[in-house]
Structure formats: structure tokens, C-alpha cells
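Student: model this:
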Amino acid sequence: MNKDELIALRERLLAEITPLVIENAGDGVDRFSLLLRVIQGGHATSQIYAKAFESANSIDQSPDRLEALLALLDEVEVDIDSDSDKADQSVEEAPQAAPDQQPEHHDQQDNDQDQNHEQHHDQ
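Tutor: This next block holds a predicted model:
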């Protein structure tokens, strides 16, 4: 399989797995682990994150709950960094206006506004 075929297969698998994890994934650590794998697989949605957070908080043992919350926080940071990188790339790739295509200044309009302001102020 080439890379495009593998990516397509991953998307199909995640589309099948995600509803199963959301609806039937047991409880506690097991459910959290499955939800985290879906997030790490690139299929993170607000619903998945909410379920993962809920699942992490349902873990009874404090050290395990802390570990789960930290793992989820790591994934959130990865997604934030990924979104920032995408935004930075789109800004860098945006076409720049040529110097001769810069918007014209409306000097006359600015002058008229200044004069109107001065006249109003003098009254």
C-alpha cells in the first residue's frame, strides 16, 4: 500500500472505531486509553476530547487519574501547536500585494475631515 492508501485506510478505521469508543468503550483507564488512541490517530473532535476528559476524571485512583489528565493535556498541546503551525503557514503563503498595488491614501478626504472637525470644534 502506498501512503495515500494507508491514509485512506486510517480514516476508514477511525470512522468505524470512533463511534464504538464513544458508545461502548468500557470505563475508567480502558475507556480513556481507547479515546486517547483515537485522538492520537488524528481524529480528535470536541466530542472525543470531552469524552476523554470525562473518562480521565472517572478514574478512581489519583495517580492514574493524574497520568490520564496529563496525557490528555499533552494531546491538547500537540493539537494547539499543530493548529498554530497551520495558521503560520497560511499567513506565510498568503500573497503579498506588490508595492505599486498598495491601497491609495485618501489625502483629500482626510483633509476634508480635518477641516470639518476644526470648524465644528471652533463653533
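Student: per-residue confidence averaged over the host helix or strand of residue 18?
Tutor: Counting by DSSP states H and E, the element that carries residue 18 is helix 3-24. Averaging pLDDT along helix 3-24 yields 87.
Student: repeat for stretch 39-53
Tutor: The average of the pLDDT scores along stretch 39-53 is 88.
Student: pull out the buried positions in that stretch.
Tutor: For stretch 39-53, burial by neighbour count (16 or more other CB atoms under 10 Å) applies to 39, 43-44, 48-49, 51-53. All C-beta spots, glycine's among them, are computed from the backbone N, C-alpha and C.
Student: need the residues that contact it.
Tutor: 10, 13-15, 17-18, 21-22, 32, 35-36, 38, 69, 72, 75-76, 79 (CB atoms under 8 Å, 6 or more residues apart in numbering).
Student: how far away is residue 87 from residue 29?
Tutor: 35 Å (CB to CB, to the nearest Å).
Student: next one: residue 19
Tutor: From residue 19 to residue 29 the distance is 21 Å (CB to CB).
Student: of residue 87 and residue 29, who's got more company?
Tutor: residue 29 (18 against 10; other CB atoms under 10 Å).
Student: does the more buried one touch residue 68 like I think?
Tutor: Yes - using CB atoms under 8 Å, residue 29 makes contact with residue 68 at a distance of 7.1 Å.
Student: need the overlap of contacts for these two.
Tutor: residue 59.
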